[in-house]
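> The amino acid sequence is not available; the structure is as follows:
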């Protein structure tokens, strides 16, 4: 059976900002019933009694058109009055909480305490904010990324925000991943008969995509599916547009290259999409047995996102 | 033993906005070690997972100079970005949460969940915000004002904010008051050897002061203390400056008068301070055996608050 890319279902796996851009591009070109976006939750954390889900929020704000394009994270038209007062009250100020962003954390935390699952809360809040597409957490169970850096295991947000990725990372682990179950909608999407493509969005493979892949049943489902699995490389010219990817790869002893990205995803992906500035990498990837496509992967405007989304879907149509 | 009003301790009992004005006046004229402000907590409630203490916050904001004088409640220089987004997320919007105010609720709720008592949290947050004086909750245990209005028992905030006091009240009760213990600092202040005066601030006697008086041991301590107990009437010209006092008194079948206020506090207070527009009431009060003082009780500016505070303290010095 060949899945028709013009009617089948697309499953996108996404981390935060970079992934959220392509996820919103896919949402821009696919009707809601044809797309499921499964999002990393291993960066989630409890802060001042609030449950904060940075990657779900990045994807949500991007799809709702509420993301701040200049700052690169959080909501646009944001203000920081609560944060200033929290600081004055002597509370932790290492994690910036915008006033508009806070509403999301308050609503989510409250609904979770009332007994809703993270899947239910995410469906509720993305729906209320006007998103017709399906954004689902990778799991409703607790998984936490921890980084061994400068000899100490630390929570992801401590490493990423408080320490601004300065410590030298030696290892990454996903505490709870061995026991966490896939969220119902993610599990269903993985085994859909009409699954036409799986898109691994350009998020950090080691910190944002690996938690998703580390969950029981995900890599085996991706190996088993007839649908092509297409990753968009987060590297552009040997660096990440945002975040600690290049530094982290070097510290983990890997060459900062698309070959290393491809090697990391070996057995899982069928196709790697790389940026035009890295066109020279294509040959090596093909020689290593991987399909590769060269295009513009940097998404500055909404139009860039949708163009890249269309190109990825076109690749899926040409792979079987 | 005669307590020296120039060195003894003053205990103020306060509800929200009106009481907070006199409490801040007392703080303006007394050094921190000479004043304890015990605040009603029976209006506190849980909202969107946050513990909101309107009267503690009113007193805190007034003492910190952060209260909004125009609006009459909440913080000055306030913004409403989180509220707007909460509304967009489909969450309850009947209780207005300012961005700066939210910081207080978030910090308090978090510290309470971490295991601190409301007394500890209040000491922490008022200290951090720069208040040297002692603001204490009447109790660390849960007491809730409920109003039977239009035949239905409802929470205070539902009646006061959501229903804007429109339902006709028939009865008021303080659920939990029979079991609640006084907060440690309130209990200590009540029995201080150097207690020189107890000031009942001009808050609603039925809704804001009664919860304090309803706690076990309070009225007996006020009856037993040698210190004068002085109430400032919240009525001015037969109406309250703010809030539902006059409407409530009428609905409870009481004349809307200083005589009724005095009757309500009978046995507890030694002295009632009334406004100059109600000077005609003085004679009746004195004939009923109560000391009364006529002055300007309306506090528009900080100077009004301190003047009234000085007058109340002067009365205390003249009563034994």
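Arrived safely. This structure is a prediction, so every number in the text was calculated from the model and none was measured. Numbers count the residues shown, from 1 in each chain, chains lettered A, B, ... in the order given.
> Which residue ranges of the stretch 101-250 of chain A form helices?
A:118-128, A:156-157, A:184-190, A:210-213, A:218-224, A:245-251 (DSSP state H, counting those that start in this stretch).
> I'd like these as a markdown table, with distance to chain B appended.
C-betas here are computed from N, CA, C, even on glycine. Output for these, formatted as a markdown table (distance: least, Cβ to the nearest Cβ, whole Å):
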| stretch | distance to chain B |
| --- | --- |
| helix A:118-128 | 4 |
| helix A:156-157 | 16 |
| helix A:184-190 | 20 |
| helix A:210-213 | 26 |
| helix A:218-224 | 30 |
| helix A:245-251 | 31 |
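> Of those, flag the one that's most buried.
helix A:210-213 (a mean of 24; mean count of other Cβ atoms under 10 Å in any protein chain shown).
> what number of residues lie near the residue of the stretch 201-320 of chain A found nearest chain B?
Closest residue of the stretch 201-320 of chain A to chain B, Cβ to the nearest Cβ: residue A:302 (20.9 Å). When neighbours are counted by other Cβ atoms under 10 Å in any protein chain shown, residue A:302 registers 15.
> The one 4 residues further on too?
For residue A:306, the number of neighbouring residues by other Cβ under 10 Å comes to 18.
> what does the one 3 residues further on give?
Neighbour count of residue A:309, defined by other Cβ under 10 Å: 27.
> hmm, back to that, now do the contacts for the residue of the stretch 201-320 of chain A closest to chain B.
A:24-25, A:28 (Cβ atoms under 8 Å, 6 or more residues apart in numbering or on different chains).
> same question, residue A:151
Residue A:151 touches residue A:170, counting by Cβ under 8 Å, 6+ apart.
> Over to stretch A:164-182 now: how far is its first residue from its last?
Stretch A:164-182 has its terminal residues 30 Å apart, counting by Cα to Cα, to the nearest Å.
> now what about that stretch, what contacts it?
By Cβ under 8 Å, 6+ apart, stretch A:164-182 touches A:42, A:138-154, A:159, A:187, A:190, A:206-207, A:210-211, A:214-218, A:243-244, A:247-248, A:251-252.
> just stretch A:154-162 next, same as before
Contacting residues not belonging to stretch A:154-162 are listed as A:42-43, A:45, A:47, A:54, A:94-96, A:144-149, A:163, A:165, A:167, A:169, A:207, A:244 [Cβ under 8 Å, 6+ apart].
> Show the average pLDDT along it.
Computed over stretch A:154-162, the mean pLDDT rounds to 91.
> Just the endpoints, please. Distance across it?
11 Å.
> Buried residues, it. List them.
Using 16 or more other Cβ atoms under 10 Å in any protein chain shown as the test for burial, stretch A:154-162 gives A:154-161.
> same question, stretch A:67-86
Buried residues in stretch A:67-86 (16+ other Cβ under 10 Å): A:67-68, A:73-75, A:78-83, A:85-86.
> helix or strand right after the helix or strand hosting residue A:261?
Assigned by DSSP states H and E, residue A:261 belongs to helix A:258-264. Following helix A:258-264 in sequence order, the next helix or strand is strand A:271-275 (DSSP H and E).
> taking the buried residues of stretch A:154-162 one by one, which sit in strands?
Among those, DSSP state E puts A:154-155 in strands.
> Go through the buried residues of stretch A:154-162 and say which is closest to residue A:196.
residue A:156 (32.3 Å; Cβ to Cβ).
> Need the pLDDT of the closest residue to residue A:204 other than its chain neighbours.
Setting aside the residues directly before and after it, residue A:204 is nearest to residue A:245 in space (Cβ to Cβ, 6 or more residues apart in numbering or on different chains), at 4.9 Å. pLDDT, residue A:245: 93.
> Spit out the contact partners of residue A:245.
Contacts for residue A:245 were tallied using Cβ under 8 Å, 6+ apart; they are A:204-207, A:234-235, A:239, A:256.
> Can you select the buried ones among those for me in PyMOL?
Of those, the buried ones can be selected in PyMOL as follows, counting by 16+ other Cβ under 10 Å:
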select buried, chain A and resi 204+205+206+207+234+235+256
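> Save the contacts of residue A:245 as TSV, and put in pLDDT too.
Putting these into TSV (pLDDT from 0 to 100) gives the following:
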residue	pLDDT
A:204	95
A:205	96
A:206	96
A:207	95
A:234	96
A:235	95
A:239	86
A:256	93
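> remind me which residues of the stretch 1-150 of chain A are low pLDDT?
For the stretch 1-150 of chain A, the stretches flagged by pLDDT under 70 are A:1-5.
> Quick check: buried residues in stretch A:40-60?
Using 16+ other Cβ under 10 Å as the test for burial, stretch A:40-60 gives A:40-45, A:47-60.
> Quick one: distance of that stretch to the chain centre.
Put simply, stretch A:40-60 sits 12 Å off its chain's centre (Cα atoms, centre = their mean, to the nearest Å).
> before we move on, what about stretch A:220-239?
For stretch A:220-239 - counting by Cα atoms, centre = their mean - the centre lies 12 Å from the chain centre.
> Kindly check the end-to-end length of it for me.
Counting by Cα to Cα, the terminal residues of stretch A:220-239 are separated by 30 Å.
> same deal with stretch A:69-88?
29 Å.
> anything in it sitting right up against chain B?
Yes - Stretch A:69-88 is in contact with chain B by Cβ under 8 Å from any Cβ of the partner chain, via A:75, A:78-79, A:81-86, A:88.
> before we move on, the earlier item: please produce TSV containing the contacts of residue A:302, extended by neighbour count, secondary structure and distance to residue B:120.
Output for the contacts of residue A:302, formatted as TSV (neighbours: other Cβ atoms under 10 Å in any protein chain shown; DSSP: H, G, I helix; E, B strand; the rest coil; distance: Cβ to Cβ, whole Å):
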residue	neighbour count	secondary structure	distance to residue B:120
A:24	28	helix	45
A:25	28	helix	50
A:28	16	helix	51
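> quick one: which of the residues you listed is nearest chain B?
Nearest to chain B, judged by Cβ to the nearest Cβ, of these is residue A:24 at 18.4 Å.
> secondary structure element for the closest residue to that closest one other than its chain neighbours?
What sits nearest to residue A:24 in space, not counting adjacent residues and going by Cβ to Cβ, 6+ apart, is residue A:62, at 4.0 Å. Using DSSP H and E, residue A:62 sits within helix A:54-63.
> Nice, that's everything, thank you.
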